[in-house]
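**Student:** Dropping a prediction and its sequence here:
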Amino acid sequence: MQPTTIWGGIFPAALTMFDAHGRLDEDASAAHVDWLIGQGAHGVVVAGTSGEFISLSGRERRRLFEATVKAAAGRVPVIAGTGAFSTAETVELTQGAAEAGAAGAIVILPYYQRPHRDEVLAHFRAVGRAAEIPIMVYNNPANSGTEPLTAADLATLYGEGAAQAVKSTFPTVHQVHEARAATDEGFRVFYGSFMAPLEGMAGGAHGWVSGILNVATPDAVALWNAVQRGDLPAARAAWARILPIKYLYTRQPLGPVSDLAIYREMLAMRGLPGGHSRAPLLPLTPDQRGTLARLLAES
C-alpha cells in the first residue's frame, strides 16, 4: 500500500457530472477534477456523497474511477468512494478502485438497515483484509442511519490494519481531537463537514473533505495554509469568504434546495460546466437562479 502520510490538505468531494438525460458524463467529470486540481486541491474524492454515489451503478463507479485517475495523472491522490450496504459489493468496488489506480478508498458506514457496532466493525475488517489500497472510514452517521464509530473503534481498526484514515462528518469537532489522540501520524484524520473546518484544522485535522470545496477550493487552500503557519487572522478571513456559500444551504434563502444544485449553478455562473444531478434531485428554478446571482453579487 502507498503511505497515507502524504494525504493532507484540501480534498474536494467532487461532483459527478451527468447530462440532462441523467447519463454519466465521464469527460465532464474528468474535466471538473482537472479544474479542481488547477484550483489548488491537494487531493480529490470521487463518488462520495457529493458525487451521488448512491445513484451510481457499480459499473458506472468503476468508469468514474478510471476517468478520474486518468484526469489526475498522478498529480494528487484520488480517493474513490467504494462503500455500499453489502460487504461483498464494497469489497468488489474497492478492488475495482485499486485496479483503476486510486490511491485509496473512502467507505461509508453500511447504511439503512442500521447494523449494530459489531456488524459495522466486521464490515470494515472484511473490507480492510481484502483491500490493496488504504481505507478511509466515512464516519457519517447522520446520512447512513448507523451508529458512529468512536475514536477507540477507529484506533482498533487502524491497529488491525483495516483502516488508515477517517472522514469525520459531524457538525462538531471533538471527534477530530479524539481520533488524533487515539492514533498516530500514520492514521489520517479529515474533517468532513462544512460547519467548522477552521476549528477542525486547528484541532489537528490532517485535511478537509467536503462538497463545498467544488466552488471554494482557493479560499479553502488559503484557510489550510493559514492554519498550518499559525496565522489565525488570515484563517478567519479565508473562512469568512466561504461562509456566504455555507449560508446558502444552512439559512436557505433560496428555499429548501440541495447543496449540489447550488454548487452546480455556481459553476455555471462562472462559465464552467456544472452538469446535472440525477432525479429525484432537482435543479434550481429560474427564480432561485436569480436570487442566487443577487446574493453572490452582494457577498
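**Tutor:** Ah, there it is.

**Student:** contacts, neighbours, all on C-alpha from now
**Tutor:** OK.

**Student:** Now tell me what touches the helix or strand Thr94 falls within from outside.
**Tutor:** The secondary structure element spanning Thr94 is helix 87-100 (assigned by DSSP states H and E). Under the criterion C-alpha atoms under 8 Å, 6 or more residues apart in numbering, residues 58, 61-62, 65-66, 69, 80, 82-84, 104-105, 107, 123, 126-127, 130-133 lie in contact with helix 87-100.

**Student:** Need phi/psi at Leu213.
**Tutor:** Here the main-chain torsion angles of Leu213 (degrees, to the nearest 10) amount to phi -70, psi -10.

**Student:** how many neighbours does it have?
**Tutor:** 25 (other C-alpha atoms under 10 Å).

**Student:** what residues are up against it?
**Tutor:** Ile10, Phe11, Pro12, Ala13, Ala14, Ala220.

**Student:** give me that answer again for 6 Å
**Tutor:** Applying C-alpha atoms under 6 Å, 6 or more residues apart in numbering to Leu213 gives the contacts Pro12.

**Student:** How much space separates it from Glu199?
**Tutor:** For Leu213, the distance to Glu199 equals 17 Å [C-alpha to C-alpha, to the nearest Å].

**Student:** Next: Gly159.
**Tutor:** Using C-alpha to C-alpha, Gly159 is found at 27 Å from Glu199.

**Student:** So which of these two has more stuff around it?
**Tutor:** A direct count of neighbours by other C-alpha under 10 Å for Gly159 and Glu199 places Glu199 higher, at 16 against 13.

**Student:** Mind jotting down where the strands sit in this protein?
**Tutor:** Taking DSSP state E as the criterion, the chain carries its strands at 9-12, 44-46, 78-81, 104-108, 135-139, 165-168, 188-191, 207-210.

**Student:** Mind checking those for the one nearest to Val257?
**Tutor:** strand 207-210 (17.5 Å; C-alpha to C-alpha).

**Student:** List the contacts of that closest one.
**Tutor:** Looking at strand 207-210 with C-alpha under 6 Å, 6+ apart, the contacting residues turn out to be Gly8, Gly9, Ile10, Phe11, Pro12, Ala13, Phe190, Tyr191, Gly192.

**Student:** residues contacting the third one?
**Tutor:** Applying C-alpha under 6 Å, 6+ apart to Ile10 gives the contacts Ala41, His42, Gly207, Trp208.

**Student:** Can you flag the buried ones in those residues?
**Tutor:** Of the members of these, the ones counted as buried by neighbours, 16 or more other C-alpha atoms under 10 Å, are Ala41, His42, Gly207, Trp208.

**Student:** What residues of the helix or strand of the chain with the lowest mean pLDDT count as buried?
**Tutor:** Within the chain, no helix or strand scores below helix 141-144, which has a mean of 93 by mean pLDDT, DSSP states H and E. Judged by neighbour count using 16+ other C-alpha under 10 Å, the buried positions of helix 141-144 are Pro141, Ser144.

**Student:** Tell me how far it lies from the chain's centre.
**Tutor:** On the basis of C-alpha atoms, centre = their mean, to the nearest Å, the separation between the geometric centre of helix 141-144 and that of its chain is 14 Å.

**Student:** residues making contact with that helix?
**Tutor:** By C-alpha under 6 Å, 6+ apart, the residues outside helix 141-144 that reach it are Tyr111, Glu147, Pro148.

**Student:** For the second one, grab phi and psi.
**Tutor:** Its backbone dihedrals place Glu147 at phi -60, psi 140, with angles given as degrees, to the nearest 10.

**Student:** which ones are touching it?
**Tutor:** Contact criterion C-alpha under 6 Å, 6+ apart gives Pro141 as the residues in contact with Glu147.

**Student:** still on that earlier bit, so can I have TSV of the contacts of strand 207-210 showing pLDDT?
**Tutor:** Below are the contacts of strand 207-210 laid out as TSV (pLDDT from 0 to 100):
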residue	pLDDT
Gly8	97
Gly9	98
Ile10	98
Phe11	98
Pro12	98
Ala13	98
Phe190	98
Tyr191	98
Gly192	98
